[in-house]
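Chemist: okay, sequence plus prediction incoming.
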There are 2 protein chains.
Amino acid sequence: MSAPDLPVSEPSPDFAADVFERACPSRDVVHTITGRWGLLALLALNEGPYRFGALRRRVDGVSERMLAQSLQALERSGFVHREVLEAIPPKVEYSLTARGEQVAADLMSLVHLVESQMPDILADQAEYDRGR
Amino acid sequence: MSAPDLPVSEPSPDFAADVFERACPSRDVVHTITGRWGLLALLALNEGPYRFGALRRRVDGVSERMLAQSLQALERSGFVHREVLEAIPPKVEYSLTARGEQVAADLMSLVHLVESQMPDILADQAEYDRGR
């Protein structure tokens, strides 16, 4: 966000997001997609659409309340699409939007990197703990 | 992790990390690099080495305690290198390890994606809030 007192030599965009700025709303959005349950929900939905109950089973350990909150935040920022399917009782299905697919690709890359290096990471952790 | 009671038909690896498994240690490692302050510390260190005070100024809004905790967790899992430089008073410098550089690249991609789409994301958020 521009400092209002400085002269502007050329037209500046209305809004330049910077996650390093404390008040920038991009920080909360990043937190929405990288938070403990939001991240796992995005990775699960990258496998395909899920209904709530099945998604909760896939994201092992999440409470109903935390998953609902995470999905609501992801939907609000346009990463997840929520669709009510006509049925008795009504069924709700969650899927990734195009934006959700983009961030899921980066998250997959990150998680695969960690998963593939876990033996080395665990060895590093053990060495760190011995040295303390 | 294998179920001890089941017969094993072929040699299995000692450890196959799966972030979807509640008890898998990869989950905590992912949280270490994607947590609110760990993520920003990695992004900052991707710009180059930092001393503690300068890093704290770069990661706008972090407390001394939270930054110290985040750096310790990142160091323990081998993402960040902590070096004590001989000086009076001693100076401590933080930098990324090769593993830290790898994850920082994915995090940069993720954050740039969010930053570049913030105008659309803010518009989606406003529309969502109007519809509630």
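Modeler: Noted; the coordinates are in hand. Note that the structure is predicted; figures quoted are calculated from it, not measured.
Chemist: for chain A, which spans come out with low pLDDT?
Modeler: Across chain A, the ranges flagged by pLDDT under 70 are A:1-15.
Chemist: one more time with 80
Modeler: Along chain A, the parts satisfying pLDDT under 80 run over A:1-15, A:132.
Chemist: at which residues are the helices of it located?
Modeler: A:26-34, A:36-45, A:52-58, A:64-76, A:98-130 (DSSP state H).
Chemist: tell me if the fourth one is near chain B.
Modeler: Yes - contact between helix A:64-76 and chain B is present through A:75-76 (criterion: Cβ under 8 Å from any Cβ of the partner chain). Any C-beta I mention is one placed from the backbone N, CA and C, and that applies to glycine too.
Chemist: quick one: buried residues of that helix?
Modeler: A:66-67, A:70-71, A:73-76 (16 or more other Cβ atoms under 10 Å in any protein chain shown).
Chemist: circling back to that earlier point, is it possible to export the helices of chain A to CSV including distance to residue B:84?
Modeler: Formatted as CSV, the helices of chain A follow (distance: least, Cβ to Cβ, whole Å):
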stretch, distance to residue B:84
helix A:26-34, 31
helix A:36-45, 33
helix A:52-58, 44
helix A:64-76, 40
helix A:98-130, 15
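Chemist: ok, residue A:96 touching residue A:47?
Modeler: No - the criterion here is Cβ atoms under 8 Å, and residue A:96 misses it with residue A:47 at 9.8 Å.
Chemist: which one of the two is surrounded by more residues?
Modeler: Neighbour count, other Cβ atoms under 10 Å in any protein chain shown: between residue A:96 and residue A:47, residue A:96 has more, with 22 against 10.
Chemist: next, the contact list for the closest residue to residue A:39 other than its chain neighbours, please.
Modeler: Once flanking residues are discounted, residue A:39 sits nearest to residue A:107: 5.9 Å by Cβ to Cβ, 6 or more residues apart in numbering or on different chains. Taking Cβ atoms under 8 Å, 6 or more residues apart in numbering or on different chains, we find residue A:107 in contact with A:33-34, A:39, A:42-43, A:46, B:110.
Chemist: how close does residue A:30 sit to residue B:123?
Modeler: Distance of residue A:30 to residue B:123, given as Cβ to Cβ, to the nearest Å: 18 Å.
Chemist: and if you look at residue A:55?
Modeler: Separation of residue A:55 from residue B:123 (Cβ to Cβ) stands at 27 Å.
Chemist: which residues touch the residue most central in space within chain A?
Modeler: What sits nearest the mean C-alpha location of chain A, by Cα atoms, centre = their mean, is residue A:33, with 1.5 Å. By Cβ under 8 Å, 6+ apart, the contact list for residue A:33 reads A:39, A:42, A:74, A:77, A:79, A:103, A:107, B:110, B:114.
Chemist: wait, the first one sits on residue B:34?
Modeler: Yes - the pair residue A:39 and residue B:34 qualifies as a contact (Cβ under 8 Å) at a distance of 6.3 Å.
Chemist: follow-up on the earlier one: so which of residue A:30 and residue B:123 has more stuff around it?
Modeler: residue A:30 (25 against 11).
Chemist: wait, that one sits on residue B:113?
Modeler: No - between residue A:30 and residue B:113 there is no contact under Cβ under 8 Å: 9.7 Å.
Chemist: and for the two, which residues touch both?
Modeler: Going by Cβ under 8 Å, 6+ apart, no residue sits against residue A:30 while also sitting against residue B:113.
Chemist: before we move on, back to that, ok, the buried residues of helix A:64-76 vs chain B, which is closest?
Modeler: Distance to chain B across the buried residues of helix A:64-76 (Cβ to the nearest Cβ) is lowest for residue A:76, with 4.4 Å.
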